[in-house]
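Novice: Need the 3D shape of this:
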Amino acid sequence: MHDEYKYILLKFAASNIVTNEKLRDCNEDIFKIQEIYSQSSEITENIIFCPILFFASHIEQILKLDNIYIEFDKYSKIPTKIVLNDLILFTQFRMNNLHLTILYLRNYDKFKSSFNTKAYYSQYYELIHSKYEKSKLSNDELSSLFYIEYGYWNKIHLKYIHPLQYICSYPEYINNPENDILKIMFQFNNDKKMKIIFDPYVYIASNIEQLLYLVEDEVYIPNPNNEVRIYKQYIRDGFSKKLKVNTFDSYDYLANNPKEIKLIMTEDSQVYWDVYRLSQRNISLNFIKNYKKCKTNMFDAAKFVEENVSNYDINFNKKLSIETAPMFFVLNYVKFKKLRYHMSNRYRLGVFFSQRIKDSLRTLPLSITKCFYTVPI
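Specialist: Prediction:
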């Protein structure tokens, strides 16, 4: 039997096993499932089980099952393999839909809760779309997939949303009571007003000269208490002054200060060259901390384009230009060790001395340079 057809039958069983006693008696007998499937009306509507959502909803519970085996690569926090008995649930940083469906059929009575995809998307849509830029999956499926393949392992979990942050995201609610805001926020049914688009530190970075005073005396940032102060400042003053909330050019900043990329990537003295750590929030926090000593106009966009426009690896989508050069530089700095080496002082020192030697040889008298050649016998 074709695996894809087998998968459809198993999804049908998983979608209806709770309400259909006959399916519970089938276990994993594909022929019996197929017989029930053939007699079912409105078949397509009955296949609603989503293995991605199932895994996201119960990932911690699954990882605590008996006989679970998890294998990690030393360079990543994300496992390379998750195996349970005869089921390969996760391999090569990707989930196995078929085997997860079988896992559910074997243990459906243990799994009750559901992952809140809309809430997760509202908080992490920037990272989700940067990881799955070309995907055709729905936002709900992408949220679940991101959590499984990246978010859970990097401790990117659902967090509470301060009502003032929601108001800053949608200032038309400035005069609404806090309880009303919570009700609006937790409906998650208005796609146009679901995303939490206001981040206090991106706001500061976008208006650094006017707003630096809000964080200047902070010993540690981020600070939840000070974030509330920033929300209040925007509601009270920033909105009426039409201050921008998200105009900080993070790629331009990092292109001019590439050493900061490594600092953003470092956790517990371990460097993870992980491009998804370069969120707008993380870069803004780094920029605020280094604002008074950060460099500008150091990155030569024209030179970078000239050197790399024909490089298929770096110019991966053929959109490298003067305007996009900072973004291409940063993304490839994370991706390629060779580019990081070319930006190091060691490499530049080597190039400097190599050039000096060439210049010195050019200035030597012809009679002396002849001494460097071997006379043929």
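Novice: switch to C-alpha atoms for all contacts and neighbour counts from now on
Specialist: Fine.
Novice: Can you give me the buried ones in stretch 338-345?
Specialist: Arg340 (16 or more other CA atoms under 10 Å).
Novice: The chain should start at 101 in everything you say after this.
Specialist: Understood, numbering begins at 101; the last thing we discussed is stretch 438-445.
Novice: Render the CA-only coordinates of that stretch in CSV, please.
Specialist: The C-alpha trace of stretch 438-445 is given here as CSV (Å, rounded to 0.1, in the frame of the first residue of the first chain):
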residue,chain,number,x,y,z
LYS,A,438,34.9,31.9,6.0
LEU,A,439,33.1,35.3,6.0
ARG,A,440,33.6,35.7,9.8
TYR,A,441,37.3,34.9,9.3
HIS,A,442,37.7,37.5,6.6
MET,A,443,36.3,40.1,9.0
SER,A,444,38.7,39.2,11.8
ASN,A,445,41.7,41.3,12.8
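Novice: Next, count neighbours for Gln134.
Specialist: 18 (other CA atoms under 10 Å).
Novice: Now do the phi/psi pair for Arg194.
Specialist: Here is the backbone geometry of Arg194 (degrees, to the nearest 10): phi -130, psi 150.
Novice: for it, which residues make a bridge with it?
Specialist: Arg194 has the following beta-bridge partners by DSSP bridges: Thr191.
Novice: hang on, isn't it packed against Glu249?
Specialist: Yes - contact criterion CA atoms under 8 Å: Arg194 and Glu249 qualify, at 6.5 Å.
Novice: For stretch 205-223, what is the distance to the chain centroid?
Specialist: The chain centroid and the centroid of stretch 205-223 are separated by 21 Å under CA atoms, centre = their mean, to the nearest Å.
Novice: Same question for that stretch: list its buried residues.
Specialist: For stretch 205-223, a neighbour-count test (16+ other CA under 10 Å) marks Leu205, Phe215, Asn216, Thr217, Lys218, Ala219, Tyr220, Tyr221, Ser222, Gln223 as buried.
Novice: Pull out the buried residues from stretch 375-393.
Specialist: 375-378, 380-389.
Novice: Can you get me the start-to-end distance on that stretch?
Specialist: With CA to CA, to the nearest Å as the measure, stretch 375-393 spans 24 Å from end to end.
Novice: in what helix or strand does the nearest residue to Ser379 once chain neighbours are set aside lie?
Specialist: Counting by CA to CA, 6 or more residues apart in numbering, Ser379 lies nearest to Leu227, which is 6.9 Å off, once chain neighbours are set aside. For Leu227, the enclosing helix or strand under DSSP states H and E is helix 217-231.
Novice: helices and strands around that helix, which ones?
Specialist: Applying 3 or more CA pairs under 8 Å, 6 or more residues apart in numbering; DSSP states H and E, one finds that helix 217-231 contacts helix 239-246.
Novice: re earlier: right, and the residue nearest to Ser379 touches Asp374 too?
Specialist: No - at 12.0 Å, Leu227 and Asp374 do not qualify as touching, with contact defined as CA under 8 Å.
Novice: Looking at the two, which one has more neighbours?
Specialist: Set Leu227 next to Asp374 and count neighbours by other CA under 10 Å: Leu227 wins out with 21 against 15.
Novice: now the more buried one: how far from Leu242?
Specialist: From Leu227 to Leu242 the distance is 11 Å (CA to CA).
Novice: my read is Asp209 is in a helix, agree?
Specialist: Yes - counting by DSSP: H, G, I helix; E, B strand; the rest coil, Asp209 is found in a helix.
Novice: What does Ile335 show for phi and psi?
Specialist: phi -70, psi -40.
Novice: which residues in the stretch 251-400 of the chain form strands?
Specialist: Applying DSSP state E, counting those that start in this stretch to the stretch 251-400 of the chain gives strands spanning 366-367, 370-371.
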